[in-house]
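Undergrad: sharing a model that was predicted from the sequence below.
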Amino acid sequence: MKKLVLITYLLSLIVFVGYAQNLSLIYDGNPVPNDGALVFTGEPSSTLIVATIGVTNNSAVSMDVMCKKVEISMVPETNNSFCWDVCYPSNIYVSIGFMTLAPGETTNAFSGDYEPLTHAGQSAIRYVFFDAANPNDSISFRSFFNAYPLGIENHTDLATLSSAYPNPASAQASFNYSVETSANAILMVRNVLGSTVKEVQLTGSGVTRFSTLDLSEGIYFYSLVVNGRNQSIRKLVVSH
């Protein structure tokens with residue numbers, strides 16, 4: 001009987017070790033529990049609602065980490081995609097490639113992109129990060145994308161902003177814009193952690209440019225903020 005108990009204990013220990021969690025998640029400086037929930041908000045008219053998160057390799061060896069998305073509940077006629085090692089189209093659910101993370105390394109390369117396409121409501125997607133060599137070693141979070149109208153004021157009549165060009169940008173990014181005199185309009189650029197890295201006040205109409213030489217290579221998000229409200233969020237890639 002003692003031998004049986006000992007064998008059972010050892011088997012359970014082996015199973016536990018085999019499923020040890022070597023990955024962890026962090027958002028806005030705080031740890032996110034496995035399958036924890038995060039809420040990202042926007043409006044039905046938003047170009048994108050973006051989910052971001054940091055992924056850390058807590059093991060003592062390098063790890064090739066893949067990503068997959070699982071649609072839990074979706075508002076009909078909306079669209080979603082994600083970026084990991086590259087940016088994938090909406091019909092790809094598991095990354096084809098991987099990100100290699102050194103021991104203790106954290107990457108903020110992930111973004112989950114949700115397009116409301118004018119449809120109000122809440123969509124939920126689970127994003128899973130896993131060891132390519134051992135898919136059981138994984139961690140996930142649930143992203144709730146809330147797209148609800150915030151008011152009836154039509155800010156698109158007050159200011160407009162073109163897509164960035166060139167995109168990807170190596171030395172500078174340019175934008176065409178037009179702002180009504182009654183509007184307070186700001187071009188705001190944020191990194192994947194949500195920190196503002198560029199902020200440009202817009203008045204009148206014309207072309208505005210800013211240098212990207214002081215920005216690290218990677219993914220950024222720019223938005224036109226009109227009277228304190230995000231009118232749209234779009235992606236900018238910096239590649240030197």
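TA: Arrived safely.
Undergrad: okay, domains of the protein per the record?
TA: 20-147, 155-238 (automatic domain parsing).
Undergrad: give me the mean pLDDT for the shortest one.
TA: Per-region confidence: domain 155-238 scores 86 on mean pLDDT.
Undergrad: ok, now the longest one?
TA: In this model, domain 20-147 carries a mean pLDDT of 93.
Undergrad: any chance of the domains of the chain in a markdown table, plus mean neighbour count?
TA: Heads up, the C-betas are built off the backbone N, CA and C, glycines and all. Compiled in a markdown table, the domains of the chain are given as follows (neighbours: other Cβ atoms under 10 Å):
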| stretch | mean neighbour count |
| --- | --- |
| domain 20-147 | 17 |
| domain 155-238 | 16 |
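Undergrad: return the distance of the strand or helix carrying L38 from the chain's centre.
TA: According to DSSP states H and E, L38 maps onto strand 36-42. Chain-centre distance of strand 36-42: 11 Å, with Cα atoms, centre = their mean, to the nearest Å.
Undergrad: ok, stretch 229-239 next?
TA: Stretch 229-239 sits 12 Å away from the centroid of its parent chain (Cα atoms, centre = their mean).
Undergrad: pull the residues that contact it.
TA: 42-43, 45-50, 111, 113, 150, 155-156, 159, 161, 163-164, 167-170, 173, 189, 212, 215-225 (Cβ atoms under 8 Å, 6 or more residues apart in numbering).
Undergrad: send the alpha carbons of it over as PDB?
TA: The C-alpha atoms that make up stretch 229-239 are tabulated as PDB, following Å, rounded to 0.1, in the frame of the first residue of the first chain:
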ATOM      1  CA  ARG A 229     -12.600  61.900 -27.400                       C
ATOM      2  CA  ASN A 230     -10.800  59.400 -29.600                       C
ATOM      3  CA  GLN A 231     -12.300  59.600 -33.100                       C
ATOM      4  CA  SER A 232     -10.300  56.700 -34.500                       C
ATOM      5  CA  ILE A 233      -7.300  54.500 -33.700                       C
ATOM      6  CA  ARG A 234      -5.000  53.200 -36.400                       C
ATOM      7  CA  LYS A 235      -1.700  51.300 -36.500                       C
ATOM      8  CA  LEU A 236       1.700  52.800 -37.400                       C
ATOM      9  CA  VAL A 237       4.700  50.500 -38.000                       C
ATOM     10  CA  VAL A 238       8.200  52.000 -37.400                       C
ATOM     11  CA  SER A 239      11.000  50.200 -39.300                       C
END
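Undergrad: next SSE after the longest strand anywhere in the chain?
TA: Longest strand of the chain, by residue count under DSSP state E: strand 134-147. The element immediately downstream of strand 134-147 (helix or strand, assigned by DSSP H and E) is strand 159-161.
Undergrad: what does that following strand rub up against?
TA: By Cβ under 8 Å, 6+ apart, the list of residues contacting strand 159-161 from outside reads 175-180, 183, 185, 187, 202, 224, 226, 231-232.
Undergrad: picking up where we left off before, quick one: which of the contacts of stretch 229-239 sit in strands?
TA: Among the contacts of stretch 229-239, the subset assigned to strands under DSSP E consists of 42, 49-50, 111, 113, 159, 161, 173, 189, 218-225.
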